[in-house]
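A.B. asks: I need the structure of the sequence given here:
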Amino acid sequence: QIYRSICNDGKRFLAGGEEVDIVYRLCHLPDILSRPQECRALLTASRTGAVPLVNPLAAEIFSHKYLLALLDQPPWSGSVAPGDRALIGKALPWGAVVAEGPCRTPEGETRDLPAWISSRREELVLKEAHGQGGGDVMLGWTVDRAAWDAFLSRLLKEGGVVQKRLAAPRDVYPRIAPGAPAEEFYEDTVAYVFDGIPAGLGSRLSRSEITNISQGGSAVPVYAVGETD
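C.D. replies: Just a heads-up that it's a prediction; the model follows:
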């Protein structure tokens with residue numbers, strides 16, 4: 001609906017008759033390809049420099065969930081320096097691209113990947129290759145075998161990744177309600193780093209293990225308590 005209200009005269013980018021200075025929008029390539037007529041003006045404006053995109057199409061590869069899975073599997077993992085590979089092993093869950101054929105499991109065994117994924121449902125997470133908002137994620141321990149295998153079959157055709165389950169941290173927080181009642185939430189805190197420089201923290205709380213805002217999570221402020229160097 002947003003795209004339908006946008007037109008481009010080649011030099012300026014307009015929306016509802018008003019000139020647009022910058023577009024702040026997640027522009028996922030599959031979404032754009034599925035609506036070529038609606039997105040033509042936006043693509044033209046970006047290509048001609050009429051308007052900058054905060055998330056340009058050139059950045060699409062960096063939002064691709066394949067990247068983290070490729071870092072953990074041969075032959076790509078062999079190109080990672082030993083020190084970096086050790087860091088990846090500590091910071092990232094085991095992952096693999098969902099595909100027919102053999103794969104190295106977290107235990108270091110080589111198994112047929114689809115059959116192994118099907119049999120280890122409660123230990124794994126499946127994700128579409130592209131997507132946002134957490135709607136493309138299935139937690140194996142929250143669904144039955146039929147739903148799991150159906151999503152697996154879909155990802156074998158459309159593309160996706162499988163990752164090892166990690167325990168999501170939980171803690172008790174006060175709710176904004178009379179008396180500030182305490183409730184247990186899943187929490188998700190990440191650091192923002194720009195060009196190698198730390199630039200703050202972001203945190204989300206959710207009753208669900210999927211903490212995306214669109215799935216019911218809430219963004220909350222983060223405070224540093226005590227002295228810092």
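A.B. asks: from here on, contacts and neighbour counts on C-alpha atoms
C.D. replies: Fine.
A.B. asks: what sits up against the lengthiest strand in the chain?
C.D. replies: Counting residues, the longest strand found in the chain (DSSP state E) is strand 182-194. Outside strand 182-194, the residues within contact range by Cα atoms under 8 Å, 6 or more residues apart in numbering are 168-175, 198-209, 211.
A.B. asks: in strands only, show me those.
C.D. replies: Using DSSP E, those in strands are 170-174, 198-206.
A.B. asks: pLDDT weak spots in this structure?
C.D. replies: 1-10, 26-27, 61-64, 131-135, 227-229 (pLDDT under 70).
A.B. asks: of the contacts of strand 182-194, buried ones?
C.D. replies: 204, 205, 206, 207, 209, 211 (16 or more other Cα atoms under 10 Å).
A.B. asks: which residues does the third one bridge with?
C.D. replies: Read that as residue 206. Listed by DSSP bridges, the beta-bridge partners for residue 206 are residue 186.
A.B. asks: that one and residue 137: what is the separation?
C.D. replies: Distance from residue 206 to residue 137, counting by Cα to Cα, to the nearest Å: 15 Å.
A.B. asks: do the same with the last one
C.D. replies: When Cα to Cα is applied, the distance between residue 211 and residue 137 equals 11 Å.
A.B. asks: likewise for the fourth one?
C.D. replies: Distance check for residue 207 against residue 137: by Cα to Cα, it reads 16 Å.
A.B. asks: same check, this time on the first one
C.D. replies: In this view, residue 204 and residue 137 are 17 Å apart by Cα to Cα.
A.B. asks: what's the neighbour count on residue 137?
C.D. replies: By the criterion of other Cα atoms under 10 Å, residue 137 has 19 neighbours.
A.B. asks: Three-state assignment for the closest residue in space to it that isn't next to it in sequence, please.
C.D. replies: Distance criterion Cα to Cα, 6 or more residues apart in numbering; nearest residue to residue 137, sequence neighbours excluded, is residue 127 at 4.5 Å. Following DSSP: H, G, I helix; E, B strand; the rest coil, we place residue 127 in the strand state.
A.B. asks: enumerate the beta-bridge partners assigned to residue 127.
C.D. replies: Assigned bridge partners for residue 127, using DSSP bridges, are residue 137, residue 161.
A.B. asks: same check, this time on residue 23
C.D. replies: In this structure, residue 23 bridges to residue 53 when assessed by DSSP bridges.
A.B. asks: right, and it touches residue 49 too?
C.D. replies: No: counting by Cα atoms under 8 Å, residue 23 stays clear of residue 49, with 11.9 Å between them.
A.B. asks: and the strands in the protein?
C.D. replies: 6-8, 13-15, 18-19, 95-97, 102-104, 110-112, 124-128, 137-139, 160-164, 170-174, 182-194, 197-206, 218-220.
A.B. asks: mind putting those strands into CSV with distance to residue 89?
C.D. replies: As requested, the strands of the chain are exported to CSV (distance: least, Cα to Cα, whole Å):
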stretch, distance to residue 89
strand 6-8, 45
strand 13-15, 45
strand 18-19, 48
strand 95-97, 10
strand 102-104, 14
strand 110-112, 18
strand 124-128, 17
strand 137-139, 21
strand 160-164, 12
strand 170-174, 23
strand 182-194, 18
strand 197-206, 22
strand 218-220, 28
